[in-house]
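Novice: I need the structure of the sequence given here:
(chains A and B)
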Amino acid sequence: MAVNLTIDGKPVEVPEGTTILKAARMHGITVPTLCYHKDLTPTGNCRICVVEVTGQRFLQAACVTPVWEGMEVKTHSERAVGSRRKTLELMLANHPQDCLTCDASGSCELQDLAYEYEVEVPQWGYKGTRYVTDSDPNPFVRVDFNKCILCRRCVLACEEIQARNVWGIGYRGFEEVIVAGADTTMLDARCESCGQCVAYCPTGALTNKMSYGLGRAHQVTKVTTTCTYCGVGCQLDLEVKDNRIIGVSSNPDAPVNGMALCVKGRYGYDFVHHPDRLTRPQVRRYLLEGGSKSRQGSSWDWVETDWDTALDITARKLVATRDTDGPDSIGVLTSAKCLNEENYLMNKVARQVIGTNNIDHCARL
Amino acid sequence: MAGLATSFGSGAMSNSMDDIANDAEAVLIIGSNTTEQHPVFGTMLRRAVNKRGLKIIVADPRKIDITEFAVLHLRHKPGTDIALINGLMHIILEKGWEDTAFIEERCEDFDAFKETVMNYPPDKVAEITRVPVEQLYQAAEILATNKPMAVIWAMGITQHTVGMRNVMSLANLQMLLANMGKPGSGVNPLRGQNNVQGACDMGGLPNVYPAYQPVINEEAQKKFQDAWGATSSLKVGRTVTEMIPDAAEGKVKALYILGEDPVMSDPDTNHIRHCLEACEFIVLQEIFPSETAPYADVLLPGVSFAEKTGTFTNTERRVQMVHKAVEPLGEAQPDWWITAELAKRMVAAGGGRQIAAGPYAGWDYADSDAIMTEINALTPSYGGITHARLEKGERLQWPCPNVEHPGTPILHSKQFSRGRGKFMPIDHVDPAELPDADYPFFLNTGRVLYHYHGGEMTRRAQGLMEVYGQPLIEVNPEDAARLGLNGEKRVRVTSRRGSIEAEAWVTDRVPPGMVYANFHFPEASANELTIAALDPVAKIPEYKVCAVKVEAVK
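Specialist: Numbering: from 1, shown residues only, chains lettered A, B, ... in the order given. Predicted coordinates:
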């Protein structure tokens, strides 16, 4: 059944059961939101999306109010905008004034709304921090509930995306706060450190600990790629600054995983810049000195060398083995960590250049 | 893979993760620790349970995390998968739940199969598997009456001396119930590594060229001879599990190893060390000085996934772009560049091997896109999968034979790749090594959520090490009490092949009489203990079952 209504004077037709927010978005009309996220069940608790509906005594939360026949909606009436401003003012009154140094600056939805609605911290506002910053020992998630606006996206992300139910609401009234488990640490509350809560947090309340202080939204380049760990094939964005990966963020368009990632995909990237990385070709000294192979003493030492030397030595040894003992005296192990293109070349070098079918990889292991 | 190839003609996962999560009414998870090994797919299944009541049955000796979301957990004895599946199929036939029309129209060899299954009545199966008869009936009813039903497995099924037969048993089950070729059904082996599917697809196997064109097939040989100007013989090559042991016997003299760490990942580490020591020349292309590096003669610095552009193929045959994000560290080079440079030099050195002219004989590649063009030409299932299409955002799962083709999310929908699905009569066989008086425990091995395989990468990720920083051996509380372990204490686990010491994690995740160890940490790797007994066809080692003794370290 289709329902006809007007939004900001524009007649629109949407299926029955559609919310005002969805109806507006379907027709290109912007209604600001904060606690709402398209992946999560709407809760209508932040009151930023309130709109005026003709004939209704109270403003309606667009994210949870279904449309009805003949409804007249004003998304930016004076009353709606005034209400949003007051709501934002109340949020900012209870929010640290540290945008200058906050990691979320530039990707903070509260900051964007304050900017759009020209709301500043009220003079009667901010009484100082109420919670310990970086309050949870989880090595990946930095928790600062001073910046929490109680939108509950983290609670829903954990419940509906990760299905782990780590986060919940504790205490009541002004004391209300997000808690892990029965107000314990995240890991004790069986957190899997997937970081879904961070990905959905609209402010700086939950941020990535490994990225803290290393760069903000406008300073990083995001490169979309495919995860290097398991076979699920999650896509993600590597955040790069000064030729260094400083973090990983969800890419909502990822075909397999959407916003979801696991602990390794989101937080297991620092091996890339680990000091143990091999950065120059190395050969055993006996190969440079032309002697025969010996595992004794200095002839077995590694010597760093250039690509030409290392590749020439390798090519010479492999060709000699192939010609002396036959192609099947050489084995080739390709890699399930490497690209298709690289595996294809390993198959080609084994079969064309060496002439053997002795090629395999860790599929069996 | 060999198992599914026998039953259906294609060894790949038949369905896609999202159709299983969205459309399956039930799933059987057997030998897959899904939430830890394929975590995001694990969460998709958990979501399906919460949102729409997906019924999960887990068959696993361990109480893995996904059992919390299961309607039933069959805790069978290690190495009794065939008896368990046969037992379930026996009940399905007894109740008349099989799909006769599907069996007649699309399958063959049903009678011999049925005869075998009839030898597995519930009482006998309960005795072999230790799963109570009532649970067998419950499981059979859930699996048979909730359609579509998908079977999901991983290495817990394949890493047995009967790995291939385990797989064929699961194929039998899905044919019996006609759970093939539609959303939410199918046979779904979850591939472990990010690009293990692609490595197989690209001919990184001893028996096939790219796209599974058999090396024993003269036509395939001619195709590659013509394309490359030279190719290999018609004889199937050695698997990794044969190649390395053959080094100790002097049959393999040199190894070219790309990003693989046999010392960590192969069974029976002591023997592997011996074999690598015996090998005359090893070139290792790696990003870290791995545990295998001490045995190498040359180390070539490759790069990580973040430093190169190309493609990976995921477990559901989906080909996706990998994009370079940072410059290679130091003088490291993309692995395709290294392999091509090495090949050029070997070709230039000439020697006893002639390479004729051919359209794809050369080794000059400007980038990985140029390599993909060659793959498109020689790999029928990748014929239409180009970087350009992927960069445009097209979502492609092979087979995708040409650039107009939209890809294939579900296999076997009209008919099986081999024509008719082949029922195979499969009997239970005991694992190669069972507990006895000297080695009274089962050892099961695998990975944990926070680490990956040999651990070369994850042991160098600081946060992961903070959460899981040392190897833990899972010991059941009853065994712990008997061994005199109070809380967290160190244990020594010994098999006929080696011994490790590590901290015990006393937990009912493992049943009494079984311990579980991982192979992420060189100081106590499970593979010091594992047995190199192989499946006779698939040549996969029996990592999931061997016999050990366990002692408290005083």
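
Novice: In terms of residue numbering, what are the domains of the chain?
Specialist: Chain wasn't specified; assuming chain A. Using automatic domain parsing, the domain parsing of chain A gives A:2-76, A:127-273, A:278-325, A:327-365.

Novice: oops, I was thinking of chain B
Specialist: Domain ranges of chain B: B:2-190, B:196-397, B:441-552, per automatic domain parsing.

Novice: export those to a markdown table and tack on mean pLDDT?
Specialist: Shown next, in a markdown table, are these (pLDDT from 0 to 100):
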| stretch | mean pLDDT |
| --- | --- |
| domain B:2-190 | 96 |
| domain B:196-397 | 96 |
| domain B:441-552 | 94 |
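
Novice: Quick one, which of those domains gets closest to A:T305.
Specialist: Among these, domain B:196-397 comes nearest to A:T305, with 9.3 Å by CB to CB. Yep, even glycine has a C-beta here, placed from its N, CA and C like the rest.

Novice: Straight-line length of that closest one, end to end?
Specialist: Its first and final residues considered, domain B:196-397 spans 15 Å by CA to CA, to the nearest Å.

Novice: what's the distance between it and the middle of its chain?
Specialist: Distance of domain B:196-397 from its chain centroid, counting by CA atoms, centre = their mean, to the nearest Å, is 18 Å.

Novice: for chain A, longest helix please?
Specialist: Using DSSP state H, we find that the single longest helix of chain A is helix A:307-325.

Novice: Restrict it to CA atoms and write it as PDB.
Specialist: The C-alpha trace of helix A:307-325 is given here as PDB (Å, rounded to 0.1, in the frame of the first residue of the first chain):
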ATOM      1  CA  TRP A 307      69.100  -7.300  -6.200                       C
ATOM      2  CA  ASP A 308      71.300  -8.100  -9.200                       C
ATOM      3  CA  THR A 309      73.700 -10.100  -7.200                       C
ATOM      4  CA  ALA A 310      71.100 -12.000  -5.300                       C
ATOM      5  CA  LEU A 311      69.000 -12.800  -8.400                       C
ATOM      6  CA  ASP A 312      72.000 -13.800 -10.500                       C
ATOM      7  CA  ILE A 313      73.200 -16.200  -7.900                       C
ATOM      8  CA  THR A 314      69.700 -17.700  -7.500                       C
ATOM      9  CA  ALA A 315      69.100 -18.000 -11.200                       C
ATOM     10  CA  ARG A 316      72.500 -19.700 -11.700                       C
ATOM     11  CA  LYS A 317      72.000 -22.200  -8.800                       C
ATOM     12  CA  LEU A 318      68.500 -23.100 -10.000                       C
ATOM     13  CA  VAL A 319      69.500 -23.500 -13.700                       C
ATOM     14  CA  ALA A 320      72.500 -25.600 -12.600                       C
ATOM     15  CA  THR A 321      70.300 -27.900 -10.500                       C
ATOM     16  CA  ARG A 322      67.700 -28.200 -13.200                       C
ATOM     17  CA  ASP A 323      70.300 -29.100 -15.800                       C
ATOM     18  CA  THR A 324      72.300 -31.500 -13.600                       C
ATOM     19  CA  ASP A 325      69.500 -33.300 -11.700                       C
END
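
Novice: if you compare the domains of chain A, which one is most tucked away?
Specialist: Ranked by mean neighbour count, the domains of chain A are led by domain A:327-365 with a mean of 27 (mean count of other CB atoms under 10 Å in any protein chain shown).

Novice: so does that domain get close to chain B?
Specialist: Yes. Domain A:327-365 reaches chain B (CB under 8 Å from any CB of the partner chain) through A:327-365.

Novice: swap in stretch A:204-217?
Specialist: Yes. Against chain B, stretch A:204-217 shows contacts by CB under 8 Å from any CB at A:K209, A:M210.

Novice: Show me the helices in the stretch 51-200 of chain A, by range?
Specialist: Ranges of helices within the stretch 51-200 of chain A are A:78-93, A:109-116, A:153-156, A:196-200, based on DSSP state H, counting those that start in this stretch.

Novice: quick one, strands of the stretch 51-200 of chain B?
Specialist: B:55-59, B:72-74, B:107-108, B:149-153, B:187-189 (DSSP state E, counting those that start in this stretch).

Novice: Let's have those strands in JSON lines, adding mean neighbour count.
Specialist: Shown next, in JSON lines, are the strands of the stretch 51-200 of chain B (neighbours: other CB atoms under 10 Å in any protein chain shown):
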{"stretch": "strand B:55-59", "mean neighbour count": "24"}
{"stretch": "strand B:72-74", "mean neighbour count": "20"}
{"stretch": "strand B:107-108", "mean neighbour count": "20"}
{"stretch": "strand B:149-153", "mean neighbour count": "27"}
{"stretch": "strand B:187-189", "mean neighbour count": "27"}
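
Novice: Nearest residue to the residue nearest in space to the middle of chain A in space, ignoring adjacent ones along the chain?
Specialist: Centroid-nearest residue in chain A, with CA atoms, centre = their mean: A:S249, separated by 2.6 Å. Using CB to CB, 6 or more residues apart in numbering or on different chains and skipping the chain neighbours, the partner closest in space to A:S249 is A:D237 (4.8 Å).
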